[in-house]
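>>> sequence plus predicted model, see below.
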Amino acid sequence: MTREEFRARLEKGPLLGDGATGSNLMRAGMPKGVCTEKWICDHPQVIIDIKHGFMDAGSQVVSAPTFTANRINLARHGLEDQTYEINSTLMKIARETVRDGIYLCASVTTTSRIDEDYGKLLDAYSEQIQIIADGGADYVMAATMLGLEETMAALEACRSVCDLPMCCSLTIESDGSLFYGGNIFDAAETLAEMGADAVGINCSTGPDKLEAVVRNIKERVDVPVIAIPNAGMPTIDDKGNAVYPMGPDEYARHMKTLVEAGARLIGGCCGTTPEYIRKVAEVCL
């Protein structure tokens, strides 16, 4: 997909992605503490079933589970030398899973290294994005980013290796502040000026807390706005599991409000299942 085609599609109306990967993998039996991407490579049918559930529910986009598979993150598991193998395997699984007429988004994310050298970030994102672009992604999303500088590195990396549309989505506090300093409004404006094809927020909190944030981002940029929240703010149960308080109907009602506020690239993050996507599809598409 070209950048022009991507923006033209979003001008027609909301584009609905899929829902959570991590929480659904945990529900399906993935152990805590493992490298998620390597576990998916070793258990491909689990992610295939999850993605089919989202497509059945109405997802117009499937996200390839390449999320944390950059060299810096893989090094924490001693897997940095498998960067190419892991990303190419995940893209092959995703490309074979996605149905005709469904877009394939490949995601990259934070290294969680606030002090990481910009050049190392640029190299890590460039390497990963080159692999996922070669693997057949329709567009790339830097998601759940914690700060502006690392997101700039991901955007610059994408522009250096391919011509795919690039979306930049950060996770925020409910007041719009970023975890690594600054705020989403200034960051969104900077990223749009750098050439991001869509900017906004994911993860963070529930959709009930984000209407003003979406409206303010919309006022600051001339590119489509992303809103992919969690199913509310989780609590931790006595077994150490995250419990998300917002049900599918309530989630969908608030997502409709975010669409009315200007969100165009939507979906679900932590805690959302196919039923959440089904409800969002019913009220937002």
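Everything's here; your move.

>>> the longest helix anywhere in the chain packs against which elements?
Scanning the chain for the helix with the most residues, using DSSP state H, yields helix 118-134. Using 3 or more C-beta pairs under 8 Å, 6 or more residues apart in numbering; DSSP states H and E, the elements in contact with helix 118-134 are helix 71-74, helix 83-97, strand 103-109, strand 139-145, helix 148-161. (Glycine included, C-beta is placed from N, CA and C.)

>>> buried sites along it?
Neighbour-count burial for helix 118-134 flags 121-133 (criterion: 16 or more other C-beta atoms under 10 Å).

>>> run the angle between that helix and helix 148-161 for me.
Calculated by axes from the mean of the first three to the mean of the last three C-alpha atoms, to 10 degrees, helix 118-134 forms an angle of 50 degrees with helix 148-161.

>>> for the spatially most central residue of the chain, give me its contacts.
The centroid of the chain falls nearest to A143 when counting by C-alpha atoms, centre = their mean (4.1 Å). Residues counted as contacts of A143 (C-beta atoms under 8 Å, 6 or more residues apart in numbering) are 67, 107-109, 167, 169, 202-203, 228.

>>> just the residues you listed now: which is nearest P245?
Among these, C203 lies closest to P245 (C-beta to C-beta), at 15.6 Å.

>>> so what's the closest one closest to, chain neighbours aside?
Once flanking residues are discounted, C203 sits nearest to T171: 4.2 Å by C-beta to C-beta, 6 or more residues apart in numbering.

>>> wait, isn't the one you found in contact with I201?
Yes. If you go by C-beta atoms under 8 Å, T171 and I201 touch, sitting 6.8 Å apart.

>>> joint contacts of the two?
In contact with both T171 and I201: no residue, using C-beta under 8 Å, 6+ apart.

>>> higher neighbour count, these two?
Remark: of T171 and I201, I201 carries more neighbours, 28 against 22, as counted by other C-beta atoms under 10 Å.

>>> next, count neighbours for V98.
22.

>>> phi, psi of it?
The phi/psi pair for V98 (degrees, to the nearest 10) reads phi -70, psi 140.

>>> state the pLDDT value of it.
The per-residue pLDDT reported for V98 equals 98.

>>> OK, contacts around it?
Counted by C-beta under 8 Å, 6+ apart, V98 has contacts 51, 55, 62, 104.

>>> do I226 as well
So, once contact is read as C-beta under 8 Å, 6+ apart, I226 ends up touching 141, 167-169, 198-202, 263-266.

>>> now those as TSV including pLDDT and distance to I47?
Formatted as TSV, those follow (pLDDT from 0 to 100; distance: C-beta to C-beta, whole Å):
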residue	pLDDT	distance to I47
M141	98	17
C167	98	21
C168	98	24
S169	98	21
A198	98	24
V199	98	27
G200	98	25
I201	98	24
N202	98	19
A263	98	26
R264	98	26
L265	98	21
I266	98	21
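
>>> dump stretch 215-229 to CSV, keeping only the CA atoms.
This file holds the C-alpha atoms of stretch 215-229, laid out as CSV (Å, rounded to 0.1, in the frame of the first residue of the first chain):
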residue,chain,number,x,y,z
ARG,A,215,-9.7,16.1,20.1
ASN,A,216,-6.6,18.0,21.0
ILE,A,217,-4.4,15.8,18.8
LYS,A,218,-6.8,16.3,15.9
GLU,A,219,-6.6,20.1,16.3
ARG,A,220,-2.8,19.9,16.1
VAL,A,221,-2.1,17.7,13.1
ASP,A,222,-3.3,17.3,9.5
VAL,A,223,-2.8,13.5,9.4
PRO,A,224,-5.2,10.8,10.7
VAL,A,225,-5.4,10.2,14.4
ILE,A,226,-4.9,6.8,16.1
ALA,A,227,-6.9,5.6,19.1
ILE,A,228,-6.3,2.1,20.3
PRO,A,229,-6.9,2.0,24.1
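
>>> going by neighbour count, list what's buried in that stretch.
215-218, 220-221, 223-229.

>>> nearest to V34 among the residues you listed?
Nearest member of those to V34, counting by C-beta to C-beta, is I228, at 24.2 Å.

>>> surely the closest one touches G268?
Yes. If you go by C-beta under 8 Å, I228 and G268 touch, sitting 6.6 Å apart.

>>> got the CA coordinates for the longest helix of the chain in CSV?
Taking C-alpha atoms only, helix 118-134 is exported to CSV below (Å, rounded to 0.1, in the frame of the first residue of the first chain):
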residue,chain,number,x,y,z
TYR,A,118,20.0,7.3,19.1
GLY,A,119,22.3,5.7,16.6
LYS,A,120,21.7,2.3,18.2
LEU,A,121,18.0,2.8,18.1
LEU,A,122,18.1,3.8,14.5
ASP,A,123,20.1,0.7,13.6
ALA,A,124,17.8,-1.6,15.5
TYR,A,125,14.6,-0.2,14.0
SER,A,126,16.1,-0.1,10.5
GLU,A,127,17.0,-3.7,10.7
GLN,A,128,13.6,-4.9,12.0
ILE,A,129,11.6,-2.7,9.6
GLN,A,130,13.6,-3.8,6.6
ILE,A,131,12.7,-7.4,7.5
ILE,A,132,9.0,-6.8,8.0
ALA,A,133,8.7,-4.6,4.9
ASP,A,134,10.3,-7.5,2.9
